[in-house]
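**Student:** compute the structure for the input listed below.
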Amino acid sequence: MKMNRFAALCTAAIAIAIPFASGASARDLVLANEGGFPPYNMTKADGSLEGFDIDIGDAICAIIEANCSWITNEWSGIIPALQARKFDVIIGGMGITAERKKSVLFSEPYARTYSFFGTVKGKEVDVTPDALAGKVVGVQQGTTNAAYIETHFPKAAIQMYPSMDALIADLRIGRIDVAFGDVEPFTGEGGESAALVKVGEPHAVSEGIGMAFRQEDADLRDRFNAALAQMKKDGSWRELADKWGIPVYE
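**Tutor:** Numbering: from 1, shown residues only. Okay, the predicted model is just below:
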């Protein structure tokens, strides 16, 4: 009996020591973002996703040997959907804030970014809080950018949009005076439309960009953190950042 008990304890110890990859390689993880926040995540014509988030998530899943799939969710409801267990992790360019930490666990930052004001070239305006009083500022709802404008530009007229695409479309036709958000929409040429330009200095609206997990999933968060640390050490994170033009502030 003692030998059987000893064998059982050894088996249990070995099982505990086996990493997540071996013990849960068949575990399916569902990763989510909105599919409309380039270059972090974008929806292709065939409905599949691409972008920095997708490559980072796929690389981490390969390291921990989890079976991962991707879905999209409207951004304004993405945290409640995570809590409702519709998916397991948000990897969607989400800024880490004190308010969001009340609802989710965050990984270590996998990117850092700054937000800018932007407008149509030739229609630049001063973007101080006083100068924007009464001006219409477009932001994507449910974002750190929206919270930042509400806090620091209280005299501005804020117009919320469900997506950056909708926001930029209204900016181009003059329905709003300026947009506030990630830098990418304000750096390209206009094509058939007027070019968009950055206005003013960059604004840090979060502690960095992190992956979000349910509060009870600390172990899963830790495994993602370990994989991310490995990617930063071996250079694969930097390769993906360079591929997608993600600014490297670390």
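
**Student:** contacts, neighbours, all on C-alpha from now
**Tutor:** Will do.

**Student:** three-state assignment of the residue nearest to the spatial centre of the chain?
**Tutor:** In the chain, the residue lying closest to the centroid (Cα atoms, centre = their mean) is residue 93, at 1.3 Å. Look at residue 93: counting by DSSP: H, G, I helix; E, B strand; the rest coil, its state is strand.

**Student:** contacting residues for it?
**Tutor:** Contact analysis of residue 93 by Cα atoms under 8 Å, 6 or more residues apart in numbering lists 37, 40, 41, 53, 209, 210, 211.

**Student:** the last one sits in which helix or strand?
**Tutor:** Using DSSP states H and E, residue 211 sits in strand 209-213.

**Student:** and that strand, what other elements does it pack with?
**Tutor:** Here strand 209-213 touches strand 89-95, strand 105-106, going by 3 or more Cα pairs under 8 Å, 6 or more residues apart in numbering; DSSP states H and E.

**Student:** can you list the domains in the chain?
**Tutor:** The chain breaks down by automatic domain parsing into domains covering 20-112+207-244, 115-203.

**Student:** quick check: residue 130 touching residue 152?
**Tutor:** No. With contact defined as Cα atoms under 8 Å, residue 130 does not count as touching residue 152 (10.5 Å).

**Student:** looking at the helices and strands packed on strand 209-213, which is buried most?
**Tutor:** strand 89-95 (a mean of 26; mean count of other Cα atoms under 10 Å).

**Student:** thinking again about what came up before, which of the domains of the chain comes out lowest on mean pLDDT?
**Tutor:** Of all the domains of the chain, domain 115-203 carries the lowest average pLDDT, namely a mean of 89.

**Student:** starting at the chain centroid, how far to that domain?
**Tutor:** In terms of Cα atoms, centre = their mean, to the nearest Å, the centre of domain 115-203 is found 19 Å from the chain centre.

**Student:** now do the end-to-end distance for that domain.
**Tutor:** 5 Å (Cα to Cα, to the nearest Å).

**Student:** ok, now how distant is the residue nearest to the centre of the chain from residue 157?
**Tutor:** 26 Å.

**Student:** ok, back up a step: most neighbours out of the contacts of residue 93, which is it?
**Tutor:** Neighbour tally across the contacts of residue 93 (other Cα atoms under 10 Å): the maximum, 30 neighbours, falls on residue 53.

**Student:** what sits closest to it if chain neighbours are left out?
**Tutor:** Spatial nearest neighbour of residue 53, chain neighbours left out: residue 40 (5.0 Å); criterion: Cα to Cα, 6 or more residues apart in numbering.

**Student:** quick check: phi and psi on that neighbour?
**Tutor:** Per-residue torsions, residue 40: phi -70, psi -50 (degrees, to the nearest 10).

**Student:** quick check: closest non-adjacent residue to residue 109.
**Tutor:** Counting by Cα to Cα, 6+ apart, the residue nearest residue 109 is residue 210, at 4.6 Å.

**Student:** pretty sure that neighbour contacts residue 108?
**Tutor:** Yes. Using Cα under 8 Å, residue 210 makes contact with residue 108 at a distance of 6.1 Å.

**Student:** give me every residue that touches residue 181.
**Tutor:** 115, 116, 117, 118, 139, 140, 145.

**Student:** repeat that with 10 Å
**Tutor:** 114-118, 138-140, 143-146, 164, 167, 203, 205 (Cα atoms under 10 Å, 6 or more residues apart in numbering).

**Student:** could you point out which of these is nearest to residue 247?
**Tutor:** Residue 247 lies nearest to residue 114 out of these, by Cα to Cα, at 9.2 Å.
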